[in-house]
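K.L.:
model this:
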Amino acid sequence: MTKTLFITGASSGIGAATARAAAKAGWNVGLFARSEDKLKDLAREIGDQALVLTGDATQYVDQEQAMSRLAQKFGQIDAVFANAGRGTSPGGTEKGDPDDWKSMIDLNVMGALYTAHAAMPYLRKTTGQYVVTGSAAGRRHIKGSIYGATKFFIHGFAGNLADEMAEWGGRCMVVSPGMVDTAFFDEAKPDKLKPEDVASAVMHALGAPAHAAVREIHLMPVD
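P.N.:
Next up is the predicted model:
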């Protein structure tokens, strides 16, 4: 049976690139994000392997219902990619916006936790895999970065979840890119990593043999 991947933040950037890469590799893909129009455009591009699942990653019930629809459509879920996330502006602690922090934490932290919790019953059935987007900002300290602190959480959580899932043969991987040329930044970053680079790393982990658990892939632009 063809394998199925659920992706949050699938409407653009790393999520969309991973959806394309997965479909090219023969996977079915569940495209989850708030931007229905963008998801529909991507689904038309991919074809019958894609299912549009509109929802908000900060709402547990949205993710739960989306995974249920995906499993009903394709029969099973073999992997999930908790990719949805965002930064905050202005940066720093003293000059930061606590309300914006909360919104970011709800997405970057709680959204990834919701993906994991909702997915576990499906992944147990398929001895599947949870993948989450970390960051180089979650591996080194950056002055005043609340965003970076959310990614420190993700890296710690992914390691803990990897040990938990290993008890039943499941796998967990965090992909931690440096700067990627996406809409995350206000200005284009043409000399940095591309979304497709991160998608390739995700697909490497998903394609690893069952006895090999790829726990983290860290990639940086050359310069």
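K.L.:
center of this structure - which residue?
P.N.:
Asn83 (1.9 Å; Cα atoms, centre = their mean).
K.L.:
Going by neighbour count, list what's buried in the longest helix along the chain.
P.N.:
When the chain is scanned for its longest helix (criterion: DSSP state H), the result is helix 146-166. Within helix 146-166, the residues that count as buried by 16 or more other Cβ atoms under 10 Å are 146-155, 157-158, 161-162, 165. Every C-beta, even on glycine, is put in place using the N, C-alpha and C of the backbone.
K.L.:
so how far is Asn83 from Pro121?
P.N.:
Distance from Pro121 to Asn83, counting by Cβ to Cβ, to the nearest Å: 21 Å.
K.L.:
those helices in the chain, which residues are they?
P.N.:
Listed from the start of the chain, the chain has helices (DSSP H) covering 13-24, 36-46, 60-74, 98-105, 112-126, 146-166, 195-206.
K.L.:
Buried residues in the first one, which are they?
P.N.:
For helix 13-24, burial by neighbour count (16+ other Cβ under 10 Å) applies to Gly13, Ile14, Gly15, Ala16, Ala17, Thr18, Ala19, Arg20, Ala21, Ala22, Ala23.
K.L.:
ok, of the buried residues of helix 146-166, which one's closest to Thr182?
P.N.:
Taking Cβ to Cβ as the measure, Thr182 lies nearest Tyr147 of the buried residues of helix 146-166, at 14.2 Å.
K.L.:
Now do the contacts for the closest one.
P.N.:
Gly87, Thr88, Gly91, Met104, Asn108, Ser135, Ala137 (Cβ atoms under 8 Å, 6 or more residues apart in numbering).
K.L.:
On the pLDDT front, check the residue nearest to the centre of the chain for me.
P.N.:
pLDDT, Asn83: 98.
K.L.:
Over to Thr88?
P.N.:
Checking the pLDDT column for Thr88, the value is 88.
K.L.:
Over to the one 3 residues further on?
P.N.:
According to the per-residue confidence, Gly91 scores 81 in pLDDT.
K.L.:
does it really touch Ala149, like I thought?
P.N.:
No. Between Gly91 and Ala149 there is no contact under Cβ atoms under 8 Å: 11.5 Å.
K.L.:
pLDDT weak spots in this structure?
P.N.:
Within the chain, the ranges that satisfy pLDDT under 70 run 183-189.
K.L.:
what about 80?
P.N.:
The chain contains residues with pLDDT under 80 at 1, 90, 182-191, 223.
K.L.:
Which residue is the nearest non-sequential neighbour of the most far-flung residue of it relative to its centre?
P.N.:
Checked against the mean C-alpha position of the chain, the extreme residue using Cα atoms, centre = their mean is Glu94, at a distance of 29.6 Å. Leaving aside its sequence neighbours, Glu94 sits nearest to Gly144 (Cβ to Cβ, 6 or more residues apart in numbering; 7.6 Å).
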